[in-house]
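*Asks:* all I have is the shape, not the residue letters:
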């Protein structure tokens, strides 16, 4: 007999050679039916895994996030099997699960069409109906290479060659299809209940643009058809909200072939961007920040001192000036540090909170560019806080409060992750441990729930990441707080303490929007272009019924603009219904229709984006209402 411990802490006595599936069935038939994989001593395993004495066991089902990830990974294998059945000369590469789905990369001389995707999806249905078992096979590295050579899978051979000699290699077989994989997998293909092949895209092998371009097929699978249908409906809605489409329709920004990855902001987009920036400045002035501006290009010596030249050079644009190497800044922090060093500081000066709306450049692969979400030049709303060790928690909590104020004002929910020491870290482990404990302490004192994201910190310090959730339930990583013990040492930063001696300050890097350009893309999709009145690039459109009322319409425009509102007049020789429809398509929050009655009575006929026709109002009453809405930053 063996004894295992369940997730709730209870113990069960079992026969030797009991599998995870046997355990689930001994608990209940319904659990066995829902089970996808097991979690034994913190590691995911197949349901066929045989338990040992003392194992801690959790049964993972469709309801668990980890279970859904395994389901999707298994579905990617099914898709690869379908592709190989239909297109025998195709070579397979890798097929992981990703957020909300999976993909598989293929080397194929044939470009997959929409019709091909439909055939692949249909073939997947046949494979699922066959109820092929996912069978794990452990073989030697040499045997795996020989097998892949026989199969002609050159990419798999490359992957196997990267495995150290002497290690076993795990494969998974379902039906006639064999794939190199660590696993685990669902028991059989019939466990896939609802799936969809979505689209194709290009992808370089191993993400390196020097390698061959492969064809990536994306798909998704869910626990049932209802969940899949909801996701597909959200995808359709996301297409309608695509910021690239709306940016063009609303004349906010554009991209041109002369500058791939470098956005062009149009007049209305600049108004929107400046509204965000002005609000940022107001909030930071209230929070005790000063604003600085540092050069866009600095020399190699600086980037070597900061560590970027060694850790980040492949993402930097470099040039030579007067026989010296320079780089466009990919980050603002080294420049902010030089500002701190430009004069001596006392402990009485700290904390020093220095904000910068800095333009940065990063070399992104062309295949990674995506509208405003992934660009090569953007504005970071950076701030760097230099402080005493005893001020760490209070300053982090202050930043958290500021971030919460911004996101809450825009109607975003958010979650928090604490990212810890990466493999290529700078500094001593003791310093990292201290920094991570400081961030944990601040979050816990603030009473905020968070997840640990192991190994995803910056190379110079751990960080707190804020993930926004938009109206479609998608998440976006925007705000970041990074605690840094390293750069103050590398740049030899000092302050004079109360004891008259020199000491090293602690540094916080933080952003709220992250990239202002990307944040505008997120806002555009979150609001579907229907920006709140305070943020809208055009808040009011005045619509004269005919040119006879242009004088009164111009008077209304002048009064509204004098109050600081963003107003346009539609003076086209079009029918009023056409003007209203166009203004509605432009997502303008308010339309003011003016004709003979309005001109005589000094009123306006109000139409709002949300309610439609709201009737007649005095201009004074309307003005009071909209100014209050803007002041309160109401989300309408």
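*Replies:* Yep, it's here. Because the structure is a prediction, the values reported are computed rather than measured.

*Asks:* which residues are in contact with residue 195?
*Replies:* Contacts of residue 195 were listed using Cβ atoms under 8 Å, 6 or more residues apart in numbering, and they are 75, 78, 121, 124, 128, 219, 220, 221, 222, 228. Yep, even glycine has a C-beta here, placed from its N, CA and C like the rest.

*Asks:* oh, that last question was meant for residue 583, not what I typed.
*Replies:* If you count contacts by Cβ under 8 Å, 6+ apart, then residue 583 has 541, 543, 570, 591 around it.

*Asks:* likewise residue 461?
*Replies:* Residue 461 makes contacts with 432, 435, 482, 483, 484, 485, 486, 509, as judged by Cβ under 8 Å, 6+ apart.

*Asks:* who's it bridged to?
*Replies:* On the basis of DSSP bridges, residue 461 is bridged to residue 458.

*Asks:* now it: how far from residue 438?
*Replies:* Residue 461 sits 10 Å away from residue 438, going by Cβ to Cβ, to the nearest Å.

*Asks:* neighbours around residue 156, how many?
*Replies:* With neighbours defined by other Cβ atoms under 10 Å, the count for residue 156 comes to 23.

*Asks:* secondary structure element for it?
*Replies:* With the criterion set as DSSP states H and E, the secondary-structure element containing residue 156 is helix 154-161.

*Asks:* hey, where'd the helices end up in the stretch 401-550 of the chain?
*Replies:* Secondary structure of the stretch 401-550 of the chain (DSSP state H, counting those that start in this stretch): helices located at 429-445, 486-490, 516-526, 550-562.

*Asks:* turn those into CSV, columns for mean pLDDT.
*Replies:* Supplementary listing: these in CSV, determined by pLDDT from 0 to 100:
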stretch, mean pLDDT
helix 429-445, 86
helix 486-490, 88
helix 516-526, 96
helix 550-562, 96
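
*Asks:* let me have those helices in TSV, extended by distance to residue 24 and mean neighbour count.
*Replies:* Shown next, in TSV, are the helices of the stretch 401-550 of the chain (distance: least, Cβ to Cβ, whole Å; neighbours: other Cβ atoms under 10 Å):
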stretch	distance to residue 24	mean neighbour count
helix 429-445	35	17
helix 486-490	48	19
helix 516-526	41	24
helix 550-562	67	16
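
*Asks:* of all these, which one comes closest to residue 320?
*Replies:* In this view, those are compared for proximity to residue 320 by Cβ to Cβ, and helix 486-490 is the closest at 24.1 Å.

*Asks:* can you list the domains in the chain?
*Replies:* Described in terms of automatic domain parsing, the domain architecture of the chain consists of the residue ranges 2-61, 66-231, 253-294+331-526, 540-631.

*Asks:* I'd like these laid out as TSV, including distance to residue 239.
*Replies:* As requested, the domains of the chain are arranged in TSV below (distance: least, Cβ to Cβ, whole Å):
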stretch	distance to residue 239
domain 2-61	31
domain 66-231	11
domain 253-294+331-526	10
domain 540-631	17
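
*Asks:* so who does the residue nearest the centre of the chain touch?
*Replies:* Residue closest to the mean C-alpha point of the chain, counted by Cα atoms, centre = their mean, is residue 476 at 3.4 Å. Residue 476 makes contact with 467, 468, 470, 522, according to Cβ under 8 Å, 6+ apart.

*Asks:* quickly list what it is bridged to.
*Replies:* Here residue 476 sits in beta bridges with residue 468, going by DSSP bridges.

*Asks:* and it, how far from residue 469?
*Replies:* Note on residue 476: its distance to residue 469, by Cβ to Cβ, is 8 Å.

*Asks:* surely residue 302 touches residue 341?
*Replies:* No: applying Cβ atoms under 8 Å, one finds residue 302 not in contact with residue 341, separated by 11.3 Å.

*Asks:* who's more crowded, these two?
*Replies:* When residue 302 and residue 341 are compared on other Cβ under 10 Å, the one with more neighbours turns out to be residue 302, at 19 against 13.

*Asks:* Provide the backbone phi and psi angles at the more buried one.
*Replies:* Residue 302 adopts backbone torsions of phi -60, psi -40, taken as degrees, to the nearest 10.

*Asks:* got it, and residue 372?
*Replies:* The phi/psi pair for residue 372 (degrees, to the nearest 10) is phi -80, psi -10.

*Asks:* in stretch 236-254, which residues are buried?
*Replies:* 241, 243, 244, 246, 247, 250, 252, 253 (16 or more other Cβ atoms under 10 Å).

*Asks:* element containing residue 214, please.
*Replies:* The secondary structure element spanning residue 214 is strand 213-222 (assigned by DSSP H and E).

*Asks:* now that strand against helix 154-161, angle please.
*Replies:* Interaxial angle of strand 213-222 relative to helix 154-161 (axes from the mean of the first three to the mean of the last three Cα atoms, to 10 degrees): 80 degrees.

*Asks:* list of residues touching strand 213-222?
*Replies:* Contacting residues not belonging to strand 213-222 are listed as 68, 71-72, 75-76, 79, 83, 93, 100-108, 111-112, 117, 120, 192-205, 228, 231 [Cβ under 8 Å, 6+ apart].

*Asks:* starting at the chain centroid, how far to the longest helix seen in the chain?
*Replies:* Longest helix in the chain by number of residues, with DSSP state H as the criterion: helix 65-86. For helix 65-86, the separation from the chain centroid amounts to 24 Å (computed by Cα atoms, centre = their mean, to the nearest Å).

*Asks:* and it with strand 213-222, angle?
*Replies:* Comparing the axes of helix 65-86 and strand 213-222 via the same axes, to 10 degrees yields an angle of 130 degrees.

*Asks:* C-terminal to helix 65-86, what's the next element?
*Replies:* Past helix 65-86, further along toward the C-terminus, the next helix or strand under DSSP H and E is strand 91-92.

*Asks:* which elements pack onto that next one?
*Replies:* For strand 91-92, the contact count by 3 or more Cβ pairs under 8 Å, 6 or more residues apart in numbering; DSSP states H and E identifies helix 65-86, strand 101-107, helix 154-161 as packing neighbours.

*Asks:* any idea how far the next helix or strand along the chain from that strand is from the chain center?
*Replies:* Downstream of strand 91-92, the first helix or strand assigned by DSSP H and E is strand 97-98. Mean-position distance between strand 97-98 and its chain equals 15 Å (Cα atoms, centre = their mean).

*Asks:* one more: stretch 24-37?
*Replies:* Taking Cα atoms, centre = their mean, one finds the center of stretch 24-37 at 35 Å from the center of the full chain.

*Asks:* got the buried residues for it?
*Replies:* 24, 25, 32, 34, 35, 36, 37.

*Asks:* for the second one, which non-adjacent residue is spatially closest?
*Replies:* Nearest-residue entry for residue 25: residue 32, 3.9 Å, with adjacent residues in sequence omitted and distances by Cβ to Cβ, 6 or more residues apart in numbering.

*Asks:* cool, the fifth one as well?
*Replies:* Sequence neighbours aside, residue 24 is the residue nearest to residue 35 in space, at 4.4 Å (criterion: Cβ to Cβ, 6+ apart).

*Asks:* residues contacting that neighbour?
*Replies:* Neighbouring residues of residue 24 by Cβ under 8 Å, 6+ apart: 31, 32, 35, 38, 47, 59.

*Asks:* likewise residue 302?
*Replies:* Applying Cβ under 8 Å, 6+ apart, one finds that residue 302 lies in contact with 334, 338.

*Asks:* that one and residue 429, how far apart?
*Replies:* Computed as Cβ to Cβ, the residue 302 to residue 429 distance reads 27 Å.

*Asks:* pLDDT at the closest residue to residue 391 other than its chain neighbours, what is it?
*Replies:* Spatial nearest neighbour of residue 391, excluding adjacent residues (Cβ to Cβ, 6+ apart): residue 351 at 5.3 Å. In the predicted model, residue 351 carries a pLDDT score of 97.

*Asks:* give me the neighbour count for residue 351.
*Replies:* Residue 351: 17 surrounding residues under other Cβ under 10 Å.
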